[in-house]
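In: Sequence and predicted structure below; questions after.
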Amino acid sequence: MPTIGARLDASRRLRGRVGAVVPVDRLPSPNYIGRHMGNDSSRGVPSALLSVLERPGPLVILPHDNPDPDALASAATLRFIAKALADKDAAIALGGYVGRAENRAMVRYLSIPLVPVADLPLMAPETIIALVDTQPGRRNNSLPPDARASIVIDHHPQYTVTPDLPFADLREGYGATSTILTEYLGDARLHVETKIATALFYGIMAETQDLGREATRPDMDACSFLYPHTNKRRLAKIENARVPREYFGAFRSAIQSAMIYDRAVVSVLGEIRYPDMVAEMADFLLRLDEVDWAAAIGKYHDFLYVSLRTTNRDVNSGDLLQRVLGNDHAGGHDMIAGGRILLPPGADWQEAAARVRGRLIAAVGMVQAKPTRLCQ
């Protein structure tokens with residue numbers, strides 16, 4: 001495996017071949033869509049964002065429920081910016097579970113404080129709620145239906161129009177939300193703390209698979225900006241996090257249950273230790289050289305989680321999984337997507353998983369394929 005530095009050097013060589021970023025359509029509210037790293041002294045953190053941060057009341061930063069490195073880094077950086085520029089303390093809410101070993105190591109080694117969402121005043125009228133790496137109306141976050149977000153920062157496509165939103169920064173053309181927060185830091189010329197730089201760098205690299213998946217020039221520029229400020233030893237500890245014995249059992253189960261449908265492979269994992277396991281297994285299965293699609297399905301508590309991956313850059317996995325699970329239950333990008341559905345009381349989760357698997361196979365055009373086991 002190449003070192004972080006070698007991967008970053010390769011990204012610099014690729015930079016000239018990356019096309020321009022095209023911003024998404026803007027919400028009917030004050031948006032900020034940036035294109036460059038912080039070289040312009042006239043720019044800084046968007047004034048609309050600062051005006052919201054400076055309002056009276058507690059600040060709660062809410063990533064999606066089972067935060068990945070991109071969400072964790074983005075939340076930690078917004079907390080840092082709020083303190084540095086508005087002298088406002090902030091709480092990062094945890095609505096789900098941090099399960100993946102690398103993510104747990106990131107929280108530990110980079111000192112990212114997480115507070116259970118139930119302990120925070122989301123319904124208080126004076127609370128300022130900032131959504132990062134997610135959006136209002138999505139079922140992957142714990143924003144109460146009657147609570148209103150004041151800040152939304154995300155790199156996913158715009159899912160719904162939210163009227164009277166004071167600040168929204170949506171950049172579908174970026175590979176990671178961490179890149180947006182990195183630009184805020186660079187444009188404001190803030191001193192970049194080592195732990196924040198390390199979190200952002202790892203968030204971008206994890207989200208884009210070392211700048212090889214849906215990374216654009218801003219992501220590469222952000223990594224070049226951040227890398228000198230990172231703690232390489234802590235990065236290594238995060239990337240090579242220790243795992244329990246059960247982790248290897250999950251890989252065994254994923255391989256044993258995997259079925260190949262022509263150019264697709266699908267594995268029904270059964271009960272999983274944490275929701276992120278489906279994404280980890282889908283990434284693993286996509287390495288199979290005879291498929292273009294990989295999916296993993298697993299049950300966690302009362303939900304069925306689904307993760308979809310593809311090597312095909314001409315499709316949109318997020319749109320496809322939304323058609324399979326429903327618009328409110330899934331989301332993603334061109335090459336990666338994830339979602340979940342609530343299992344009705346008393347429902348047979350295995351039957352539900354089989355139905356989802358069938359719809360997935362049909363959606364990727366492999367319904368006529370004769371299934372074969374990955375390992376005979």
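Out: Happy to help now that I have it.

In: In stretch 306-319, which residues are buried?
Out: 306-310, 316-319 (16 or more other CB atoms under 10 Å). In this view, the C-beta of every residue, glycine as well, is placed from N, C-alpha and C.

In: Repeat that for stretch 125-135.
Out: 127-135.

In: related to what we said a few turns ago, mind putting the buried residues of stretch 306-319 into CSV with pLDDT, secondary structure and distance to residue 277?
Out: Shown next, in CSV, are the buried residues of stretch 306-319 (pLDDT from 0 to 100; DSSP: H, G, I helix; E, B strand; the rest coil; distance: CB to CB, whole Å):
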residue, pLDDT, secondary structure, distance to residue 277
306, 97, strand, 12
307, 97, strand, 9
308, 97, strand, 15
309, 97, strand, 14
310, 96, strand, 19
316, 90, coil, 24
317, 93, helix, 18
318, 90, helix, 20
319, 92, helix, 24
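
In: For residue 89, which non-adjacent residue is closest in space?
Out: Leaving aside its sequence neighbours, residue 89 sits nearest to residue 83 (CB to CB, 6 or more residues apart in numbering; 6.4 Å).

In: Could you give the number of residues near that neighbour?
Out: For residue 83, the neighbour count with other CB atoms under 10 Å is 14.

In: pretty sure it contacts residue 91?
Out: No: counting by CB atoms under 8 Å, residue 83 does not reach residue 91; the two are 11.8 Å apart.

In: picking that back up, of the buried residues of stretch 306-319, just say which sits nearest to residue 47.
Out: Nearest to residue 47 among these is residue 318, at 31.5 Å by CB to CB.

In: can you list the domain ranges for the protein.
Out: Domain segmentation of the chain under automatic domain parsing yields 4-239, 245-373.

In: Out of the ones you listed, name the one with the poorest average pLDDT.
Out: Here those differ in mean pLDDT, and the lowest is domain 4-239 at a mean of 86.

In: distance between that one and the chain's centre?
Out: Computed by CA atoms, centre = their mean, to the nearest Å, the chain-centroid distance of domain 4-239 equals 10 Å.

In: For stretch 335-347, C-alpha coordinates in PDB please.
Out: Extracted in PDB, the C-alpha atoms of stretch 335-347 (Å, rounded to 0.1, in the frame of the first residue of the first chain):
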ATOM      1  CA  MET A 335     -20.300   5.600  -7.400                       C
ATOM      2  CA  ILE A 336     -21.400   5.200  -3.800                       C
ATOM      3  CA  ALA A 337     -24.800   5.100  -2.100                       C
ATOM      4  CA  GLY A 338     -26.400   4.000   1.200                       C
ATOM      5  CA  GLY A 339     -29.700   3.800   2.900                       C
ATOM      6  CA  ARG A 340     -31.900   2.100   5.400                       C
ATOM      7  CA  ILE A 341     -35.500   1.000   5.800                       C
ATOM      8  CA  LEU A 342     -37.500   0.500   9.000                       C
ATOM      9  CA  LEU A 343     -38.600  -3.100   9.500                       C
ATOM     10  CA  PRO A 344     -42.300  -3.400  10.600                       C
ATOM     11  CA  PRO A 345     -42.900  -5.000  13.900                       C
ATOM     12  CA  GLY A 346     -42.800  -8.800  13.600                       C
ATOM     13  CA  ALA A 347     -41.500  -8.600  10.000                       C
END
